[in-house]
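Colleague: Structure of the sequence below:
(one chain, ligands or ions: 2)
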Amino acid sequence: MSIEKNSAIRNIAIIAHVDHGKTTLVDHLFRQSGTFRVSQEVKERVMDNLALEQERGITIAAKNCSVRWNGVRINILDTPGHADFGGEVERALAMVEGAILLVDAAEGPLPQTRFVLQKALEKNISIIVVINKIDRADARPAEVLSEIYDMFIDLEAKDHHIDFPVLYAVGREGIVKKNIDDTNTDLHILFDAILEHIPAPSYDTDEPFQMLVCDLDYSDYLGRLAIGRVMHGNAHVNEDLVCVKEDARTVPLTITRLQIYEGVVFAESSSADAGDIAILAGIDNVEIGDTIATKEHPKALPRLTVDPPTVSMEFGVNTSPLAGRVGTIVQASRIWERLQKEALRNVGIKLERKGTDNTFMVKGRGELQMAIIVETMRREGFELSIGRPTVIYRNENGTLTEPVEHLFIDCDEAFVGIVSEKLSRRKGKLAKLINHGARVRIEFFIPSRSLIGYRNQFLTDTKGTGIMSSYLKGYEPYAGDFDTRFTGSLVADRTGNAIPYAIFNLEPRGRMIVQPGDDVYEGMVVGEHSKDSDLDVNICRGKKLTNIRTVLKDENVTLTRVQPLSLEKAIEFIRDDEIIEVTPTSIRIRKTILPAQQRNSKTARQAAKALPTAE
Ligand SMILES: Nc1nc2c(ncn2[C@@H]2O[C@H](COP(=O)(O)OP(=O)(O)OP(=O)(O)O)[C@@H](O)[C@H]2O)c(=O)[nH]1
Ligand SMILES: [Mg+2]
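Modeller: Numbers count the residues shown, from 1 in each chain. Ligands and ions are numbered 1, 2, ... in the order given. Take a look at the predicted model:
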């Protein structure tokens, strides 16, 4: 065995809690390394190139890019900070020797900071801590640094990890400093720190070529692209290799094109060298986790593994009376195909098909992840129906267990009472309460299922000012049943259009979710009933016309404005006996069983409340 280093390369991931400034920092790394021409117009957050990422201002998938500094190519992986996309962080960390851990100078380390740090420590990679946003008026860098040390100690980091270098940044202005009072106005300190503290990738010169496939892409010209980390050896265009699958089967292949990252685009390369991240074309049947190796020594690398899913949601065809009106893709087989394509690239999700049934279980990490998949599909022209997300229970030595979160809440002192009351009703246990003056940090241990549908409630309770986030603490014995929604549904009892006059008369009964003029059908949920039972209502009833015309008056009723139903809101809202109908233009909530006579809400709800079963 003889180990060498490829000092022309560094591989790093940028990891942090959501919104702590990862993607913004990458923008400036590009600008200052000369990746773009001086005159080139560059939009903000270039790495967030998916339509949904741009719209929502969050990163959803981990993505590669590279910059050059002092002759060294630094491969950078920008990762998402939202907990639902944690699988992406795990995937990214499989490709790197180092990570930049960004922490907001005011918010300090939050749940996802802890999760990503824990994953980085497990992989034993080098860490540079950057305390970001020191320009914030409420920045408290010294305290945050001590919280970061506490977090490292709490995660039982080894001494060499706790010895991390600390830098201070205003990522948005492209400034990184060694000391908080330094006056430099660029990022050279960060570039230098990467070259100095992050080890160059090492490889064994005696080993043959091996590449771990960590991502897939598709090009119209080249077909399927396998993106991965070259562990040992090198490979050239036109070389004959094999792909080692999960069951140790080998599939022969020829590399037709070989590329590397140069900035945000791919650049041709004549060889893929040890330690680099390469993009290979010419492999059709490849999956994330496979190893590309030589024909003579087809040795698989340890497969990429990510935490198993904790939430599952049922996807199916749209069976409502309004199905097929706008969507172009409605068949079960097409939905299944599309989901399989998603699972190929998205390591955080797993699929299951229930017999020959037209419903599919999609398992992942959370509601947002599910909502993003559905949103992407409806934009592609799909129509489908989705059920309420449920947590995945386990059976551990005969005991039913469920996922439990460590929840962090940051809110005004005035709301502590209401928030604590709601959470304890949902089986939350208070773990810690710290008073930072007017704002209070409360920590709870709470079953994951309690948080499904809670976020909106929390925002209402804290008048939109509260911040909540959580990480998965682990599986614990089932905590027992509780009520999540204390209201029922207003259900349309016939097909027609929602009439303003009828809506006006129904308003005292609850909160509407449909707009005047919307199409409705029997069994469709049109509002939230203020009582704990469902109520069948006629929302299509116009005012009876007598000989004296009063139509004008009818049109003048003043209705409470209704916000259009968003996918996430619908997912939070529905009950176990309801499903969401998604089409490219609309989102409707409906009862699973449409005809009123067949639907006895009580028995349906009782059935749904039966003790959960483990997988
Ligand atoms: N005050 C201040 N705000 C910043 C700074 N850097 C970034 N921001 C703001 O923080 C917000 C989040 O920035 P992003 O770069 O999208 O954060 P992110 O970590 O990539 O977020 P996710 O990928 O969704 O986890 C944006 O509104 C930025 O403008 C900074 O140095 N100071
Ligand atoms: Mg981002």
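
Colleague: all contacts plus neighbour counts: C-alpha atoms, from now on.
Modeller: Fine.

Colleague: which strand of the protein spans the most residues?
Modeller: Secondary structure assigned by DSSP state E gives strand 399-412 as the longest strand of the chain.

Colleague: Name the helix or strand of the chain that has the lowest mean pLDDT.
Modeller: helix 551-555 (a mean of 50; mean pLDDT, DSSP states H and E).

Colleague: Specify the next element, helix or strand, located C-terminal of that helix.
Modeller: helix 567-573 (DSSP states H and E).

Colleague: Distance from the helix or strand following that following helix to the middle of the chain?
Modeller: Later in the chain than helix 567-573, the nearest helix or strand by DSSP H and E is strand 578-582. Chain-centre distance of strand 578-582: 21 Å, with CA atoms, centre = their mean, to the nearest Å.

Colleague: What is strand 578-582 packed up against?
Modeller: strand 384-386, strand 587-591 (3 or more CA pairs under 8 Å, 6 or more residues apart in numbering; DSSP states H and E).

Colleague: Relative to ligand 1, how far out is Leu368?
Modeller: 12 Å (CA to the nearest ligand atom, to the nearest Å).

Colleague: Repeat that for Lys354.
Modeller: From Lys354 to ligand 1 the distance is 34 Å (CA to the nearest ligand atom).

Colleague: contacting residues around stretch 44-62?
Modeller: Contact with stretch 44-62 is made by 18-19, 23-24, 26-27, 63, 77-82, 85, 88-89, 91-92, 264, 372, 376, as judged by CA atoms under 8 Å, 6 or more residues apart in numbering.

Colleague: which ones among the residues you listed come in contact with ligand 1?
Modeller: Contacts with ligand 1 within those, counted by CA under 6 Å from any ligand atom: 18-19, 23-24, 80-82.

Colleague: re the thing from before, using neighbour counts, trim the contacts of stretch 44-62 to the buried set.
Modeller: With burial judged by 16 or more other CA atoms under 10 Å, the buried subset of the contacts of stretch 44-62 is 18-19, 23-24, 26-27, 63, 77-82, 85, 88-89, 91-92, 264, 372.

Colleague: before we move on, the earlier item: just the ones of the ones next to ligand 1 among the contacts of stretch 44-62 in helices?
Modeller: Counted as lying in helices by DSSP state H, out of those, are 23-24.

Colleague: which two in the ones next to ligand 1 among the contacts of stretch 44-62 are spaced the farthest apart?
Modeller: Using CA to CA, those span at most 15.6 Å, a distance reached by Thr24 and His82.

Colleague: In strands only, show me the buried ones among the contacts of stretch 44-62.
Modeller: 63, 77-78.

Colleague: from the residues you listed, which single one is nearest ligand 1?
Modeller: Asp78 (7.6 Å; CA to the nearest ligand atom).

Colleague: If we go by neighbour counts, what in stretch 4-22 is buried?
Modeller: So, applying 16+ other CA under 10 Å, buried residues of stretch 4-22: 6, 8-22.

Colleague: And the average pLDDT for it is what?
Modeller: Regarding stretch 4-22, the rounded mean pLDDT is 95.

Colleague: in the stretch 451-600 of the chain, what residue is nearest ligand 1?
Modeller: Ser469 (12.5 Å).

Colleague: Around that residue, how many other residues sit close by?
Modeller: 19 (other CA atoms under 10 Å).

Colleague: again, but for the one 10 residues further on
Modeller: Look at Ala479: counted by other CA under 10 Å, it has 15 neighbours.

Colleague: Can you tell me, leaving aside adjacent residues, what's nearest to it?
Modeller: Nearest residue to Ala479, sequence neighbours excluded (CA to CA, 6 or more residues apart in numbering): Lys427, at 7.0 Å.

Colleague: Name the SS class of that neighbour, please.
Modeller: Here Lys427 takes the coil state, with states given by DSSP: H, G, I helix; E, B strand; the rest coil.

Colleague: Show me the domain layout of the chain.
Modeller: 3-200, 207-294, 307-393+479-615, 401-477 (automatic domain parsing).

Colleague: Lowest average confidence across those domains, which one?
Modeller: Taking the mean pLDDT of the domains of the chain, domain 307-393+479-615 comes last: a mean of 86.

Colleague: Kindly indicate which of the ones next to ligand 1 among the contacts of stretch 44-62 lies nearest Leu506.
Modeller: Nearest to Leu506 among these, with distances taken as CA to CA, is His82, at 39.0 Å.

Colleague: does that closest one really touch Val18, like I thought?
Modeller: Yes. Using CA atoms under 8 Å, His82 is in contact with Val18, at 5.0 Å.

Colleague: Can you get me a residue count around Gly364?
Modeller: 28.

Colleague: Spatially nearest residue to the closest residue to ligand 2 within the stretch 451-600 of the chain, not counting backbone neighbours?
Modeller: For the stretch 451-600 of the chain, the residue closest to ligand 2 is Ser469, as judged by CA to the ion, at 16.7 Å. Computed as CA to CA, 6+ apart, the closest residue to Ser469 that is not its neighbour in sequence is Phe408, at 5.5 Å.

Colleague: Quick check: beta-bridge partners of the one you found?
Modeller: Glu443, Ser469 (DSSP bridges).

Colleague: burial count for it?
Modeller: For Phe408, using other CA under 10 Å, the count is 21.

Colleague: Next one: it from ligand 1, what distance?
Modeller: 17 Å.

Colleague: what's the spacing between that residue and Ala62?
Modeller: 25 Å (CA to CA, to the nearest Å).

Colleague: what does Pro516 give?
Modeller: 42 Å.

Colleague: Pick out whichever of those two has more residues nearby.
Modeller: More neighbours surround Ala62 than the other of Pro516 and Ala62, with 24 against 19 (other CA under 10 Å).

Colleague: dump the residue contacts of the closest residue to the more buried one other than its chain neighbours.
Modeller: Computed as CA to CA, 6+ apart, the closest residue to Ala62 that is not its neighbour in sequence is Thr79, at 4.3 Å. Contacts for Thr79 (CA under 8 Å, 6+ apart) come out as 13-15, 22, 59-63, 88-89, 92.

Colleague: out of those residues, who's nearest ligand 2?
Modeller: Distances from ligand 2 to those, taken by CA to the ion, are shortest for Thr59, at 4.1 Å.

Colleague: which SSE is that closest one in?
Modeller: Counting by DSSP H and E, Thr59 is part of no helix or strand.

Colleague: how many other residues sit next to it?
Modeller: Neighbours of Thr59 (other CA under 10 Å): 25.

Colleague: what about the closest residue to it other than its chain neighbours, distance to Leu101?
Modeller: Residue nearest to Thr59 in three dimensions, not counting chain neighbours: Pro80, with 4.7 Å by CA to CA, 6+ apart. Applying CA to CA, the value for Pro80 to Leu101 is 13 Å.

Colleague: Might one say that Lys591 is in contact with Glu522?
Modeller: No. When contacts are counted by CA under 8 Å, Lys591 is not listed as touching Glu522 (9.0 Å).

Colleague: Would you mind confirming that Val17 is in contact with Phe85?
Modeller: If you look again at residue 17, you'll see it is His, not Val. No. Between His17 and Phe85 there is no contact under CA under 8 Å: 11.2 Å.

Colleague: Would you list the phi and psi of Asp104?
Modeller: phi -70, psi 130 (degrees, to the nearest 10).

Colleague: For it, give its distance to Asp138.
Modeller: From Asp104 over to Asp138 (counting by CA to CA), the distance is 11 Å.

Colleague: likewise Ala248?
Modeller: 55 Å.

Colleague: go on, Ile127?
Modeller: 26 Å.

Colleague: The two: who's more crowded?
Modeller: Ile127 (28 against 11).
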